[in-house]
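# Model the structure of this input:
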Amino acid sequence: MSVASGIRSMPPDLRVGLVRAGDLFQLLRDGQPRTRAELAAITGLARSTVAARIDSLLASGLVGPAGEATSSGGRPPSRFAFNAAARVVLAVDVGATHLMVAVTDLDGHILADRRLEQKVTEGPEAVLARAIAAGRDLLKEAGRPETDLAGVGIGLPGPVSHSTGRPVKPPIMPGWDAFDVAGYVQRSLPVPVLVDNDVNIMALGEQTAHWPDQDNFLLVKVATGIGAGIISNGELQRGADGTAGDLGHVRVPRGNGVLCNCGNTGCLEALASGWAIARELTAAGLAAGSGSDVRRLAAAGNIQAIQALRQAGRDIGDVLATVVNLLNPSVIVIGGSIGESGENLVAGIREVVYARSQPLATSHLRIVLSVAGDRAAIFGASRLVTHHLLSANVVESLLTAG
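Model (predicted):
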C-alpha cells in the first residue's frame, strides 16, 4: 500500500495527528509535483496546515518549487516536488579485489564515480582511507562541497552486524573482524555512515533500479564468493545475525572432498566461485589464474571454460532449487563478476532449478542476468542511506531541530 492510499484509508480524525511534515514529505518522494490543495485532499489536513508544513520542507531544501498547475480561474496554484539535488550521498562498494566509489543525488542518480583496483586483504584502514580520498575527489568532480554530503553507504564482502555496522568474522577479510567501519569513516566525514553486506546492498540496488514492482526478489552474486541478497514481501532479509543468504557455504552433491577456504569440504563456493573454476581450468592445463581469466577464456569461445561455467551453474542451481521452494521468489537475478560472464552460467542454473523446484514455485519465476551490473552495489549503498535519512521520522527530527 502506498503512503497516499494508506493515509486516505484512515478515519479523518486520525489523519491530522499522523501526517507530520515528515509524513507529508513521503507523498512527494515519488517526484510527482503536487499542489497544496492536492496534498490537503490526500491527507485530510487543513490547507493552512499543509501550507505551514510545505514551508518547513521548502526551508530544508528537500522540497522545491515545481512550476504551476493549470488554473481553473484566477492565479494558477504552485506545485511542489521532491528536490533530489538538495544533498548528495557517498556510495562505496568494497570488493575482494576492487573498490567502487560514487557520489549520487538523493534519488540514486550517479553524479561521479570511480573504480579502483584494491585488495580487501590490505586491511580496513588502507581500504577505507582510499575510499574517503576518492570520495572527496568525486565531490569536487561533481561540484559539490563536503557540507552537501548527507551520508555514506558502504557494502562489504562478508557478514556484517546490521545493528553495529561491524564485520563479523568475514572469511576473505583478514583484519576486518569487529572493525568499527562507521566510526573510522566518521572521523573524516562526520555524517551518518551505514554499512551492510555487499550482496544485500546489490539486491537493494538492482531491485530499486530495475525491479521496483517485485516484492519477492533474490540477487545471487557469483564472484570470489557466492551469496544472495533476499527481499521478501518488499523487505530486505538479514537474519538474526546478518548472515542470511550465505549460499557459498552450503554443501552441494558434487563437492565431496573438495576443500573450501572456510575449512569445510563440499561448499558451493569451492566448486562454483571464480577462483574455484579457475583452479579447475588450471588443472586441465589452461592459463586461468582468476575469475577474470575464466571470463576471458569463455568469451574467446574456449569449450572447457564454457563447460566449466555451465557446470558451475548447475551446482548453484542445486542450492537455488531449495531456496526457490522455501522462499518462492518471482525473480532471481544473477550478478557478480562471474555472473556477468553471460548465459552459460545462467543456463546451468535454469536447467537445475526448473527441474528440481516445485512446478508452482517456478510457474512465474524468471532467472535473469543483472541489468545494473557492477553498479548494483553503488545504487544499493545510496538507497541504504536515503531509505534511512529520508524516512518520515528522520525528516521530522531534522525539521524540528532546524
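# What segments of the stretch 101-250 of the chain are strands?
Defined through DSSP state E, counting those that start in this stretch, the strands belonging to the stretch 101-250 of the chain, from first to last, are 110-117, 149-156, 193-197, 217-222, 226-232, 235-237.
# Ok, which of the ones you listed comes nearest A347?
Judged by C-beta to C-beta, the one of the strands of the stretch 101-250 of the chain that comes nearest to A347 is strand 217-222, at 13.6 Å. For the C-beta atoms, the positions are set from N, CA and C on the backbone; glycine is no exception.
# Please pull up the helix or strand immediately following the lowest-mean-pLDDT helix or strand in the chain.
Of all regular secondary-structure elements in the chain, judged by mean pLDDT, DSSP states H and E, the least confident is helix 12-18 with a mean of 43. Going down the chain from helix 12-18, the next helix or strand is helix 21-28, by DSSP states H and E.
# list the contacts for the residue lying closest to L384 once chain neighbours are set aside?
Sequence neighbours aside, G153 is the residue nearest to L384 in space, at 4.4 Å (criterion: C-beta to C-beta, 6 or more residues apart in numbering). G153 makes contact with 89-92, 193-196, 201, 380-385 under the criterion C-beta atoms under 8 Å, 6 or more residues apart in numbering.
# between those, which is nearest A21?
Within the contacts of G153, the smallest distance to A21 is 20.6 Å, found for V385 (C-beta to C-beta).
# for I334, helix, strand, or coil?
Three-state call for I334 (DSSP: H, G, I helix; E, B strand; the rest coil): strand.
# and it, bridged to which residues?
Taking DSSP bridges as the rule, I334 bridges to V220, L369.
# What about G135, how many residues nearby?
For G135, the tally of surrounding residues (other C-beta atoms under 10 Å) stands at 24.
# who's in contact with it?
For G135, the set of contacting residues under the criterion of C-beta under 8 Å, 6+ apart consists of L90, V92, V101, V103, V152, L189.
# and if we set it to 10 Å?
Neighbour list for G135: 90-92, 101-103, 112, 114, 146, 149, 152, 185, 188-189 [criterion: C-beta atoms under 10 Å, 6 or more residues apart in numbering].
# now do V331
Here V331 is in contact with 206-207, 210-211, 213-219, 231, 364-368 (C-beta under 10 Å, 6+ apart).
# before we move on, what about V199?
155, 157-158, 219-221, 223, 225-230, 244-248, 335-336, 376-377, 380.
# before we move on, what about A86?
Contacts were defined as C-beta under 10 Å, 6+ apart; by that measure A86 touches S60, G61, L62, V63, G64, D105, L106, D148, A150.
# Please produce a ChimeraX select command covering the buried subset of these.
Paste this into ChimeraX to select the buried members of the contacts of A86, with burial taken from 16 or more other C-beta atoms under 10 Å:
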select :60,62,63,64,105,106,148,150
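# wait, doesn't A376 sit right on H210?
Yes: with contact defined as C-beta atoms under 10 Å, A376 counts as touching H210 (8.9 Å).
# Which of these two has more residues huddled nearby?
Each of A376 and H210 had its neighbours counted (other C-beta under 10 Å), and the higher figure belongs to A376 (31 against 16).
# SS state for that one?
Following three-state DSSP, we place A376 in the helix state.
# any idea how far G245 lies from L327?
Taking C-beta to C-beta, to the nearest Å as the measure, G245 falls 10 Å from L327.
# wait, I meant D196
When C-beta to C-beta is applied, the distance between D196 and L327 equals 19 Å.
# Tell me how many other residues surround L28.
Number of residues near L28 (other C-beta under 10 Å) recorded here: 22.
# That one is in contact with F80, isn't it?
Yes: under the contact definition of C-beta under 10 Å, L28 touches F80, with a separation of 6.6 Å.
# dump the residue contacts of V222.
Each residue near V222 by C-beta under 10 Å, 6+ apart is listed here: 247-248, 268-269, 272-274, 277, 291, 309, 312-313, 316, 334-341, 345-346, 349.
# what do you get for A203?
A203 touches 196-197, 211, 217-221, 227-231, 236-237, 245, 333, 335, 376-377, 380, counting by C-beta under 10 Å, 6+ apart.
# for V50, what are its contacts?
Residues touching V50, when contacts are defined by C-beta under 10 Å, 6+ apart, comprise 19, 21, 24, 34-43.
# let's see it at 8 Å
L24, R36, L39, A40, T43.
# Any of these buried? List them.
Under a neighbour-count criterion of 16+ other C-beta under 10 Å, the subset of the contacts of V50 counted as buried comprises L24, R36, L39, A40, T43.
# Near the residue lying closest to R20 once chain neighbours are set aside, how many other residues are there?
Nearest in space to R20, with sequence neighbours left out and distances taken as C-beta to C-beta, 6+ apart, is E396 at 5.0 Å. Residues near E396, counting by other C-beta under 10 Å, number 17.
# thought E396 was touching A21?
Yes: taking C-beta atoms under 8 Å as the contact criterion, E396 and A21 are neighbours in contact, 6.2 Å apart.
# joint contacts of G245 and L327?
Where contact means C-beta under 8 Å, 6+ apart, the residues bridging G245 and L327 through contact with each are I230.
# Which one's more surrounded, those two?
The neighbour comparison of G245 against L327 (other C-beta under 10 Å) goes to G245, with 25 against 18.
# Next, the contact list for the more buried one, please.
Neighbouring residues of G245 by C-beta under 8 Å, 6+ apart: N197, V199, N200, G227, A228, G229, I230, Q237, G239.
# Pull out the buried members of those residues.
Applying a neighbour-count criterion of 16+ other C-beta under 10 Å, the buried members of the contacts of G245 are N197, V199, N200, G227, A228, G229, I230.
# any residues in contact with both of L28 and F80?
Jointly contacting L28 and F80 under the rule C-beta under 8 Å, 6+ apart are R34, L57, V63.
# I am finished for the moment; much appreciated.
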